[in-house]
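S.K.: Sequence first, then the predicted structure:
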Amino acid sequence: MLPAFFDSVVSLIARTSTDLPPDVRKAMGLALDTEERETRAGQALTIIAQNIDQAASCEGPICQDTGMPTFEVKVPVGLNQIWMKQQIREAVAEATRRAKLRPNSVDSITGENSGDNLGPGTPIVHFEQWEDDEIEIKLILKGGGCENTNAQYSLPTDLDHLGRADRSLEGVRKCILHAVWKAQGKGCSPGAVGVCVGGDRTSGYVHAKEQLFRTLEDVNPDPRLAQIEESVMRDANQLTVGPMGFGGKTSLIGCKIGALNRLPASFFVSIAYDCWAFRRLGVRLDAGSGAINSWLYRDGDTPSVPMLTPEQMAAGLPRTGREIRLSAPISDEQIRALKVGDVVLLSGRVFTGRDAVHAHLMKNDPPVDLRGGVLYHCGPVVTKEGDTWHITAAGPTTSIREEPCQADIIRRYGVRVVMGKGGMGARTLAGLKESGAVYLNAVGGAAQFYARCIDRVDGVSLMQFGTPEAMWHLNVRDFPAMVTMDAHGNSLHKDIEEASGERLEAVR
Ligand code: SF4
């Protein structure tokens, strides 16, 4: 039965995870062209562009969070969907073994990672029959950081800075702008939004995510929705949330709206936010063999057009000469000299730690000495050759999840630098000031770029939490990140949120 089907699905997963489609590349190229290279936004976008090219050339994951694999499959009448679903599951496990996907499927009760991206609800596979004589498979890999910024509104409602949103297209427009503003840099902006007007709470979110299968360039066939899409794109990019929430001219690269009928009593607006690492591709398969006949969203035989020239790639991060070099152990004096907006080049020892490590540290002493050290919110993709570990993708994860305990951990164990993405809240800001520490914002999703800043893996602790959640002991060199929360009570995230909130009032 369909002898090439399995290999075709593995190829689809591998390419989706490692090579952004042309429409997303083009949108990110335009974003890069609109920023001065040496600004915060320009530096972040340059790192992103390098990362996109590096991922494609080494066939490594664009972002270490390879997301929830979501397949939309259309099949001719008469084909066995039970068999196909099993093959898709096996292809997901194989792509995980090949490190194209990070093990991302976790038991929701015990927290145990299945290790192969299989489990109840993972992967998501939707089937539909159609009259065509080919099989079509579309895949989207949407990570946790941007998934957490999804939003659902029940109209009418009152929105910060925008006032009342009624049951009208104008109300819909306000909800979308509000969601983009709320996301700030947490979903690794610039992002794209898929929107559903109507449906119920469940179908609304599904339909919103389905909108992300439209290309960024297509025009909505419904002129009423096309007009809202256009106005949201214009207004959202005046908010100056910017890449990574650093401020800048591009906050949104796409807005795609669909509509479902609703109950008279309900009016939901559901918003699926996807990050710049907008990984979606598709294939059409021969229904007799399962071989790939053609690719969707791209020409499968033509290599992707690079984001940067070889000279730009060789030049690396645009330097201003004001970058500050730091290596652990870091002193109180060094930390107090840093201020918001400084770009730091880290070298030496860095320890990773995300949710499981933070929960562990609240009840147990750390397995390593963290005094003067760097705690990196990161769940890398890791492979092992013999006894040697290799990090193949290592961008930052969303830091705000650690807000409840971060200040305690900094104080108890003498951590000097917390690094992640999206920023943290008031409690951590106060903790940084009290203990003499800073928060560094690395560029979210830049997993290949940062993997190349890691000289070696010196060890690992807490492996019982699985590879993404373990504490990796990394030795890094010239690892760039920006001080966005300093030891003097300043937060770039707070400033940008307030400033963009004022701009939101201007477009209400
Ligand atoms: S780019 Fe950011 S939001 Fe997107 S999957 Fe990666 S870490 Fe998550």
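M.R.: Yep, that arrived.

S.K.: Pick out the residue of the stretch 1-150 of the chain closest to the ligand.
M.R.: In the stretch 1-150 of the chain, the residue that lies nearest the ligand is residue 143 (2.2 Å; C-beta to the nearest ligand atom). All C-beta atoms are positioned from the backbone trio N, CA, C, and that covers glycine.

S.K.: To what extent is that residue buried, counted in neighbours?
M.R.: Residue 143 has 26 neighbours, counted by other C-beta atoms under 10 Å.

S.K.: Okay, now the unreliable bits of this structure?
M.R.: The model of the chain has no residue with pLDDT under 70.

S.K.: Spell out which residues of it are next to the ligand.
M.R.: Residues of the chain found near the ligand (C-beta under 6 Å from any ligand atom) are 63, 65, 67, 143-146, 187-188, 275, 277, 395, 444-445.

S.K.: would you list these in TSV and tack on distance to residue 86 and secondary structure?
M.R.: Output for the residues of the chain next to the ligand, formatted as TSV (distance: C-beta to C-beta, whole Å; DSSP: H, G, I helix; E, B strand; the rest coil):
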residue	distance to residue 86	secondary structure
63	28	coil
65	26	coil
67	22	coil
143	26	coil
144	26	helix
145	30	helix
146	29	helix
187	33	coil
188	33	coil
275	30	coil
277	29	coil
395	32	coil
444	34	coil
445	31	coil
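
S.K.: can I get those residues in a markdown table with distance to residue 353?
M.R.: Below are the residues of the chain next to the ligand laid out as a markdown table (distance: C-beta to C-beta, whole Å):
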| residue | distance to residue 353 |
| --- | --- |
| 63 | 19 |
| 65 | 16 |
| 67 | 21 |
| 143 | 19 |
| 144 | 16 |
| 145 | 16 |
| 146 | 22 |
| 187 | 22 |
| 188 | 20 |
| 275 | 22 |
| 277 | 22 |
| 395 | 15 |
| 444 | 17 |
| 445 | 19 |
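
S.K.: count of residues packed around residue 264?
M.R.: Quick note: residue 264 (other C-beta under 10 Å) scores 5 neighbours.

S.K.: Let me know the secondary structure of it.
M.R.: Residue 264 falls in the coil class when you classify it by DSSP: H, G, I helix; E, B strand; the rest coil.

S.K.: can you pull the contacts of residue 228?
M.R.: 169, 172, 173, 176, 255, 257 (C-beta atoms under 8 Å, 6 or more residues apart in numbering).

S.K.: that's a helix at it, yeah?
M.R.: Yes: assessed with three-state DSSP, residue 228 lies in a helix.

S.K.: out of everything not next to it in sequence, what's closest to it?
M.R.: residue 173 (5.3 Å; C-beta to C-beta, 6 or more residues apart in numbering).

S.K.: how much space between the residue of the stretch 1-150 of the chain closest to the ligand and residue 260?
M.R.: The gap separating residue 143 from residue 260 is 26 Å, by C-beta to C-beta, to the nearest Å.

S.K.: ok, now residue 475?
M.R.: Counting by C-beta to C-beta, the gap from residue 475 to residue 260 is 52 Å.

S.K.: Around residue 314, how many other residues sit close by?
M.R.: Counted with other C-beta under 10 Å, residue 314 comes out at 8.

S.K.: and of the contacts of residue 228, the nearest to residue 457?
M.R.: residue 255 (40.8 Å; C-beta to C-beta).

S.K.: hang on, the closest one packs against residue 190?
M.R.: No: with contact defined as C-beta atoms under 8 Å, residue 255 does not count as touching residue 190 (11.5 Å).

S.K.: between the two, who's got more neighbours?
M.R.: Between residue 255 and residue 190, residue 190 has the larger neighbour count (other C-beta under 10 Å), namely 31 against 27.

S.K.: pretty sure that one contacts residue 254?
M.R.: No: contact criterion C-beta under 8 Å: residue 190 and residue 254 do not qualify, at 9.1 Å.

S.K.: Between those two, which contacts overlap?
M.R.: residue 27.

S.K.: all strands of the stretch 301-450 of the chain, in order?
M.R.: Remark: strands assigned in the stretch 301-450 of the chain by DSSP state E, counting those that start in this stretch are 324-327, 343-352, 374-376, 381-385, 388-393, 417-420, 438-441.

S.K.: Kindly reformat those strands as TSV and extend each row with mean neighbour count and distance to residue 271.
M.R.: Formatted as TSV, the strands of the stretch 301-450 of the chain follow (neighbours: other C-beta atoms under 10 Å; distance: least, C-beta to C-beta, whole Å):
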stretch	mean neighbour count	distance to residue 271
strand 324-327	15	38
strand 343-352	21	31
strand 374-376	27	30
strand 381-385	16	28
strand 388-393	19	27
strand 417-420	26	24
strand 438-441	27	24
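
S.K.: would CSV of these with distance to residue 308 be doable?
M.R.: Formatted as CSV, the strands of the stretch 301-450 of the chain follow (distance: least, C-beta to C-beta, whole Å):
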stretch, distance to residue 308
strand 324-327, 25
strand 343-352, 19
strand 374-376, 26
strand 381-385, 23
strand 388-393, 19
strand 417-420, 25
strand 438-441, 22
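
S.K.: now for the ones you listed, which one comes closest to residue 107?
M.R.: strand 381-385 (20.2 Å).

S.K.: Partner strands of the closest one, with direction?
M.R.: Strand pairing for strand 381-385, using DSSP bridges, gives strand 388-393 (antiparallel).
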